[in-house]
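# Quick one, what's the 3D model for this:
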Amino acid sequence: MLIRPISALLLLVLTCALAVPGAALGGTSSEYRVKAAFLLNFLKFIEWPKDVFADSEEKIVVAIVGDDPFGALLEEAFAGKTVRGRSVSIIRHKNLPVSTEADVVFVGPSEDRRLREILGSLEGVAILTIGESERFGDAGGMIRLFVENRKVLFEVNPDEAARSDLKISSKLLGIARIRGRSGERGS
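From the prediction side, this is the model:
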């Protein structure tokens, strides 16, 4: 009998192994479907400080900042799913300030010029930050999604997460590229 977090890790590993067809990279629908699945699964491997959620019924709030590359794919990926017994709601922000009511902030590719400003406004707050820009880790982001050899992969900066009092499971770190003091740009 598999324990739920282990089956979620298995799903994440299998998703990582899926090659994104070359045609899908031109039309981003398949790429963002995979990235939406990653977002959902990342939440299963993050531990927020106990005081972040007022009660066991409070939702996990995912905020998309800037232009939304997912469209309805996030709602589809999260529909009917829970993470640690919590449902997930999605909000969208075109401009700053980013709501600190969010538990996760995905910084869209349209916000590349403002990465430092956006991530700086969240510094030290228990909010998981996820993005796609090559500069995301350098700007203080925690998880960066990227495509390499037609696969969606991810890089984690555990030092940035720790500065915001977030704990990333060693199971997730075990399959990620690590960035930061603990693993400078490992594979």
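
# Can you name the next helix or strand after the helix or strand of the chain with the lowest mean pLDDT?
Least confident helix or strand of the chain, by mean pLDDT, DSSP states H and E, is helix 22-26 with a mean of 38. Sequence-wise, the next helix or strand beyond helix 22-26 is helix 29-43, with elements assigned using DSSP states H and E.

# That following helix - contacts with which helices or strands?
In terms of contact count using 3 or more CB pairs under 8 Å, 6 or more residues apart in numbering; DSSP states H and E, helix 29-43 is assigned the packing partners helix 4-17, helix 22-26, helix 73-78, strand 104-107, strand 128-131, strand 143-148, strand 151-156. Placement of C-beta: from N, CA and C, glycine included.

# and stretch 104-116, which residues are buried?
Residues V104, V105, F106, V107, G108, E111, D112, R114, L115 are the ones in stretch 104-116 that count as buried (16 or more other CB atoms under 10 Å).

# now, which of those residues sits nearest G131?
Taking CB to CB as the measure, G131 sits nearest to V107 out of the buried residues of stretch 104-116, at 4.0 Å.

# So for the closest one, what's the nearest residue that isn't a sequence neighbour?
The spatially closest residue to V107, leaving aside those adjacent along the chain, is G131, at 4.0 Å (CB to CB, 6 or more residues apart in numbering).

# Which strands or helices does the lengthiest strand in the chain pack on?
The residue-count maximum for a strand in the chain (DSSP state E) belongs to strand 86-93. If contacts are counted by 3+ CB pairs under 8 Å, 6+ apart, strand 86-93 sits against strand 60-65, helix 73-78.

# Let me know which of the ones you listed is the nearest to V34.
Between V34 and the helices and strands packed on strand 86-93, the tightest spacing by CB to CB is seen for helix 73-78, at 9.4 Å.

# which other helices and strands contact the closest one?
Contact partners of helix 73-78 among helices and strands, from 3+ CB pairs under 8 Å, 6+ apart: helix 29-43, strand 60-65, strand 86-93.

# Please identify the pairing partners of the helix or strand just after the longest one and their relative orientation?
Using DSSP H and E, the helix or strand that follows helix 29-43 towards the C-terminus is strand 46-47. For strand 46-47, the paired strands and their directions (DSSP bridges) are strand 167-168 (antiparallel).

# Residues touching the partner strand, excluding its own?
The set of residues external to strand 167-168 that reach it, using CB atoms under 8 Å, 6 or more residues apart in numbering, is F45, I46, E47, M142, V156, P158, A161.

# can I get the residues you listed in JSON lines with pLDDT?
Rendered in JSON lines, the data for the contacts of strand 167-168 read as follows (pLDDT from 0 to 100):
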{"residue": "F45", "pLDDT": "97"}
{"residue": "I46", "pLDDT": "97"}
{"residue": "E47", "pLDDT": "96"}
{"residue": "M142", "pLDDT": "97"}
{"residue": "V156", "pLDDT": "97"}
{"residue": "P158", "pLDDT": "95"}
{"residue": "A161", "pLDDT": "96"}
